[in-house]
Each structure stands twice: as C-alpha cells, then as structure tokens.
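**Q** Dropping a prediction and its sequence here:
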Amino acid sequence: MLEVLWSAGAFVVAVGFLVAFHEFGHFWVARRCGVQVLRYSIGFGPVVARRYGRDGVEYALSAIPLGGYVKMLDERESEVPDAQKHKAFNRKSVAQRIAIVAAGPLANFLFAIVAYWAMFVIGQDGLRPVIGPVAEQTRAASAGLREGDEVLSLDGRDIAVWDELRPQLLDAALTQEHVPVAVRRAGGKVEQLSLNLRGVSVDPQDVFNQIGIVLPRFEYAAVIGQVVPGEAAQRAGLEPGDRIQRLNGQTIQSWQQLRDWVREHPGEIVRVDYQRNGQNLSLEMPLGLHDENGRTIGRFGAGVAAQPELWQDLQVDWRLSPWAAVPAAVSQTVDMSVLTLQMLARMVTGDVSVRNISGPLHIAEYAGATAAVGIVAFLSFLAVISISLGVLNLLPIPVLDGGHLLYYLVEWLKGSPVSERVQLMGQQVGMAALLMLMSVAFYNDIVRLVG
C-alpha cells in the first residue's frame, strides 16, 4: 500500500510540475505579447482551489491532475469589450500566436536541458559498458564482439556507461545498416569493429536481445535477499539473509545453481540445509509451481540478496563540469527528441510495437521507482517525460499545440484563417486520435499489471 501511495505521489508531483512548466511557457509568452490571460490552471475539470493575482489572472488548481491550460481573452469564445479587444488572442499577428502556442512545448525541451545539465553536474555511479557472454550465431558474435569487451564508442560517439548504450544503439538502428564500434579487449588492445543492424526491430525492450549483447554475469552467492509473501520460501520459514547450502543433499554454490535446480523440481518436497547467523539449520518445504510458456517449473519464492561487491570493478563515478555539461545536456535533449519522434514514426509503420506506449499506471510505477533510487534517476525520468510531452504536443494533430501551429502556418501562407468548419472537423479527428492513443496506453498498462 505504501509503495502504491509513493508511486502515486511521485506521479502527481512529476506530471503536475511538468504540466505547470509547459503551461507557464504559454502564459509567459502570451503576457509578453500583450494578451490578457484569464486563467492559469493546473489540471482539468472542477476547480478545487483558486487565487486571483493583482493582474486579474485566476490561478487555479483543478480536480483532474493529468493536464492543464491557459485561458486567454478571445473573441471567438466570448464577447470582448471594445476597450480590451487589443488584448484578445485572436487579434494578435500570426507570428505572435505561433510564438504563444509553441512556447509550451519549447518550455518542455528547456526543462529537459536543465534536468540533464543537473544530472551531468551531480554525476552518478554507473557501470562501464563491459559485455557479458556472447552467444554464437548472434549479431554481436558476427561482429567479433567477445565477453569482456568494453564498448568505447558507437558510430564515433563515446560511451561512458551502460545507460548510454541502449539509446545509441536504437538511434543507429533507425538510420544505419552497419555501425562502427570501438572496443577495448580484455588485454587492453583497442579494436574497431562493424556491427550489422540490418533488420533489427527498433524496440527498446528487445534491442539487446536481437543483437546478442548482455550484461556481465557473476556467480551470486545463494543468499536470500527477500521472500515473496505467501509463497514457498516464506511459508517454510526462510528469511532474508539465510544462505542456502544444500537442496536434498546437493551442494549449492551459487544462486544460479539454486534457481536451475528448483526449476527442474516443481512441487517436490525438498530438504533445505541453510545457514542463519552462523548456525546450520535445515527444514523441509514443498516447492511452488509456475507456468512458463505451457511448461510447469518449480518456484522458490525468494530473491537473491544484493551483492554490490561483485560489480565494484565495473563501477565508475561519471560526472561533468558545469561548463561541459551545457553542450552535453543540449545534445542529449536533441538526441532524445529525435529518437522519440523516430520511434513514433516507426510505430505508425509497424516497425516498433505499440506496446512501448505507456499509460499513467506504468508511468506512475516508474516515477515511484526512480524517485526511490535518488535525485539523478528521478531527474532522468522527468527529462524523458518532459521531452515526450514536448514532442507529442508538437505533432500536427488538432486539439494539440501542433495542430494549432499547423492552422496558423496555413493562415500565414494563404493570408486568411482556416475556416471554422475545417477546424471543427479537425478537432473531431484529433479527439478521436487522442482517445485511440489513450486506449492503447491504458490497455498496455492493464496487460503489464495482469502479466
């Protein structure tokens, strides 16, 4: 319950702040263009709290925290006194209206730059991009990659930590069939390789598997880190910190060995010899059952204890100076924006699965997880969501900022506004598209939740 509340709280804070920043972009530029702002609202629906500023603007907090809006004086929405018509949005030039509408998405990109800058200056502990076991007949093996190779650069761009490798691979797969890779061999020698990306599906969840790149593997000690409530290990009385020594008399030397043994003995009653606080103990427990693609396997009902000492040699403290972080933050924002747009385009063509679209439940879960990890992870989450909001709002879909920008560009080219009939039809199409997108997002959330 606390985890759900934490995720919900992190989600509301994240979305509320990013929406407020987006709407402030509209608000700030509108004021600079001489437009009278009537209401600046965070959220939709009934107003739950309001305050009026000395300038007459109503600052409101509304009941549904999934958006926001800036209401401006506009003759198309209500009658405007002659003395105030010069402050109406519709009376402003096309250039001014474009600036006001574009300011929201641009504010999202600006926030992403600031967030990435803060991330780079604060720094983070990452893992050097050292490759784990390389299976035969994979793209990685064909390129000459070996276990223990450290990726230094991809397509001429330096790779410092594992977190940089996935987006760079996705970007390369979108535009190239072969990408140059520089690696440092286990002996220290640097070599240049070529990785074949032809036919790789640009799917963030599967790109490593398609190429055959995995994290280094370590033999974890068979020490329990957590037990799953209601499952076999907890029912038998095992606790976090217990070290499993033998199963039915067979010596267990690693967590991987324990996992493999349990999978092959579903539902069996097994004698467990273990050590707790220096004492050797034993018990009997029935293993659980789990269906895996139609095959019944055993389930222990516990997770391995964290053993960070195994990763010490791969850890790196990665940070930039305040000055060096500026171009890096701008570059990261541009790269992520282009990648997001390319991914959306590939979803339309079917090259990327729509299961990558996340709804509020999955975003809330991710918000809570990153907030729990620390400020750097949460800043990264905020930057990605802010970029997504910026890109989505710039799409030429009526009812979004991009749709309005399209209307104003047409008006600028033809010298007269788009007819109300065309705008009404566009709004209907835009609403249908948004409802369809939201339906897909909610469906994906439900599938993830059930799965």
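**A** It's in.
**Q** which residues touch residue 173?
**A** 179, 197, 200, 202, 207 (Cβ atoms under 8 Å, 6 or more residues apart in numbering). Quick note: C-beta positions are derived from backbone N, CA and C, even for glycine.
**Q** now it: how far from residue 166?
**A** To residue 166, residue 173 is 11 Å away according to Cβ to Cβ, to the nearest Å.
**Q** the helices in the stretch 251-400 of the chain, which residues?
**A** Assigned by DSSP state H, counting those that start in this stretch, the stretch 251-400 of the chain shows helices spanning 255-263, 322-349, 360-373, 375-394.
**Q** Redo those as JSON lines? Include mean pLDDT.
**A** Formatted as JSON lines, the helices of the stretch 251-400 of the chain follow (pLDDT from 0 to 100):
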{"stretch": "helix 255-263", "mean pLDDT": "92"}
{"stretch": "helix 322-349", "mean pLDDT": "85"}
{"stretch": "helix 360-373", "mean pLDDT": "60"}
{"stretch": "helix 375-394", "mean pLDDT": "87"}
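**Q** just to revisit the earlier point, need the max-distance pair from the contacts of residue 173.
**A** Spanning the widest gap among the contacts of residue 173 are 179 and 202, at 13.1 Å by Cβ to Cβ.
**Q** These two: which has the busier surroundings?
**A** residue 202 (23 against 20; other Cβ atoms under 10 Å).
**Q** what about residue 279, how many neighbours?
**A** Neighbour number of residue 279 under other Cβ under 10 Å is 7.
**Q** Mind listing what's buried along stretch 144-162?
**A** 145, 148-155, 159-162 (16 or more other Cβ atoms under 10 Å).
**Q** likewise stretch 42-61?
**A** Neighbour-count burial for stretch 42-61 [16+ other Cβ under 10 Å]: 42, 43, 57, 60, 61.
**Q** what's the closest of the residues you listed to residue 183?
**A** Of all the buried residues of stretch 42-61, residue 42 has the smallest distance to residue 183: 48.3 Å, by Cβ to Cβ.
**Q** can you pull the contacts of the residue nearest to the closest one when sequence neighbours are not counted?
**A** Among residues not flanking residue 42 along the chain, residue 68 sits closest, at 4.6 Å (Cβ to Cβ, 6 or more residues apart in numbering). Residues counted as contacts of residue 68 (Cβ under 8 Å, 6+ apart) are 19, 20, 22, 23, 41, 42, 43, 44, 62.
**Q** before we move on, back to that, figure out which of the helices of the stretch 251-400 of the chain is closest to residue 30.
**A** Proximity of the helices of the stretch 251-400 of the chain to residue 30 was assessed by Cβ to Cβ; the nearest stretch is helix 375-394, lying at 15.9 Å.
**Q** Show me what that closest one is packed against.
**A** helix 2-32, helix 94-122, helix 322-349, helix 360-373, helix 401-414 (3 or more Cβ pairs under 8 Å, 6 or more residues apart in numbering; DSSP states H and E).
**Q** what's the most buried one of these?
**A** Stretch with highest mean neighbour count among the helices and strands packed on helix 375-394: helix 94-122 (a mean of 21; mean count of other Cβ atoms under 10 Å).
**Q** Just the buried residues of whatever helix or strand comes next after it, please?
**A** Later in the chain than helix 94-122, the nearest helix or strand by DSSP states H and E is strand 124-127. Neighbour-count burial for strand 124-127, counted by 16+ other Cβ under 10 Å, picks out 124, 126, 127.
**Q** who does strand 124-127 touch, helix- and strand-wise?
**A** Against strand 124-127 (3+ Cβ pairs under 8 Å, 6+ apart) you get helix 162-175, strand 315-318.
**Q** relative to helix 375-394, how tilted is the longest one?
**A** Taking axes from the mean of the first three to the mean of the last three Cα atoms, to 10 degrees, helix 162-175 and helix 375-394 form an angle of 20 degrees between their directions.
**Q** Return the distance of the next helix-or-strand element following helix 162-175 from the chain's centre.
**A** Using DSSP H and E, the helix or strand that directly follows helix 162-175 along the chain is strand 178-184. Strand 178-184 has its C-alpha centroid displaced from the chain centroid by 26 Å (Cα atoms, centre = their mean, to the nearest Å).
**Q** Also stretch 149-166?
**A** 19 Å.
**Q** what about dumping the CA coordinates of it to PDB?
**A** What follows is stretch 149-166, C-alpha atoms only, in PDB (Å, rounded to 0.1, in the frame of the first residue of the first chain):
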ATOM      1  CA  ASP A 149      35.000  -6.300 -24.300                       C
ATOM      2  CA  GLU A 150      34.300  -2.800 -23.200                       C
ATOM      3  CA  VAL A 151      32.400  -0.600 -25.700                       C
ATOM      4  CA  LEU A 152      34.300   2.700 -26.000                       C
ATOM      5  CA  SER A 153      32.300   4.300 -28.800                       C
ATOM      6  CA  LEU A 154      29.400   3.700 -31.200                       C
ATOM      7  CA  ASP A 155      29.300   5.500 -34.500                       C
ATOM      8  CA  GLY A 156      32.000   7.800 -33.300                       C
ATOM      9  CA  ARG A 157      30.200   8.800 -30.100                       C
ATOM     10  CA  ASP A 158      31.800   8.000 -26.800                       C
ATOM     11  CA  ILE A 159      30.000   5.500 -24.500                       C
ATOM     12  CA  ALA A 160      30.900   6.000 -20.800                       C
ATOM     13  CA  VAL A 161      28.300   3.900 -19.000                       C
ATOM     14  CA  TRP A 162      25.800   1.100 -19.900                       C
ATOM     15  CA  ASP A 163      22.900   3.500 -19.700                       C
ATOM     16  CA  GLU A 164      24.200   5.300 -22.800                       C
ATOM     17  CA  LEU A 165      24.500   2.200 -24.900                       C
ATOM     18  CA  ARG A 166      20.800   1.400 -25.500                       C
END
